[in-house]
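# Take a look and give me a structure for this.
(one chain, ligands or ions: 2)
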Amino acid sequence: MIKGRVYIISGPSGSGKDTVMKKVFEREPNLAFSISSITRGMRPGEVEGEKYNFISRERFEEMIANDELLEHNVFVGNYYGTPKAPVLKCIENGQDMLIEVDVNGAVQIREKMPEVVSIFVLPPSLEVLKKRLTGRGTDAQEVIDKRLNEALREIACAKDYDYIVVNDEVNNAADRIMAIIRAEHAKTERSIHSYMELIDEN
Ligand code: ADP
Ligand code: 5GP
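Ligands and ions are numbered 1, 2, ... in the order given. Just a heads-up that it's a prediction; the model follows:
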């Protein structure tokens, strides 16, 4: 069986990753999402087990010690990590998986899985990013300031990604991500096995 592909998606907090990913999952229901384990508090509207498993620092440190994580990082004082087992199971079963990580997590995953396809979501401008972070209304001003500082550091890493997607308008950004997924599916190394008979005949 052909293994599933892993897509990593990063971008500064507030660039619109969640919003765009929701659209992508509506259009590509076979794509799996990696649920991260994190130690930050739940925001209003967040649901346990949907995007994140909200766990204690003690449990997170146990996961690190037991080598249960594909990658992990501290972001604005909290741990964020990708559990390894669901990712490996998914790709072994031939299903594609999308993993949202910050730029440090992306470096760790690329080291372990050089074949991953990486996508960086950029806001159209820093002004728009500030407006989106404030407009989301989920974080205190002090946290927003810290997230903006992180954003500048993260944007400098966009050059290390395979693709850059500007989230100017949600549907356009989702279209661009779908185009990347479709192009990856059509890559010769991935699809040639299915068409060998046709090619051999000529
Ligand atoms: P992230 O997951 O990158 O932290 P969110 O998806 O939570 O970002 O988006 C941050 C805020 O910006 C949300 O309030 C969201 O509704 C808004 N937003 C996202 N994408 C767009 C867009 N293309 N145009 C306008 N507002 C957007
Ligand atoms: P937020 O608190 O806004 O949900 O996420 C903060 C940052 O953590 C974002 O940059 C997001 O992409 C990143 N993030 C989310 N899940 C993970 C993860 O599993 N690992 C790492 N390293 N970063 C993550």
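# CA only for contacts and neighbour counts going forward, please
OK.
# Quick check: longest helix in this protein by residues?
Ranked by residue count, the top helix of the chain under DSSP state H comes out as helix 170-186.
# Need the residues that contact that helix.
T19, V20, M21, K23, V24, V165, V166, N167, S191 (CA atoms under 8 Å, 6 or more residues apart in numbering).
# Now do the buried residues in that helix.
Residues of helix 170-186 classed as buried: V170, A173, A174, D175, R176, I177, M178, I180, I181, E184 (neighbour count, 16 or more other CA atoms under 10 Å).
# Kindly report the same for stretch 89-98.
Quick answer for stretch 89-98 (16+ other CA under 10 Å): C90, I91, Q95, D96, M97, L98.
# ok, of those residues, which one's closest to ligand 2?
Ranked by distance to ligand 2 (CA to the nearest ligand atom), those are led by L98 at 11.0 Å.
# For that closest one, give the beta-bridge partners.
Y7, F33 (DSSP bridges).
# Surely it touches Y7?
Yes. Shown here, L98 and Y7 form a contact pair, counting by CA atoms under 8 Å, at 4.8 Å.
# which of the contacts of helix 170-186 are buried?
Looks like these have V20, M21, K23, V24, V165, V166, N167 buried, using 16+ other CA under 10 Å.
# near ligand 1, which residues of this structure?
12-19, 132-133, 135-136, 167-170 (CA under 6 Å from any ligand atom).
# Please repeat the previous calculation with a cut-off of 8 Å.
Counting by CA under 8 Å from any ligand atom, the positions of the chain adjacent to ligand 1 are 11-20, 121, 129, 131-133, 135-137, 167-171, 173.
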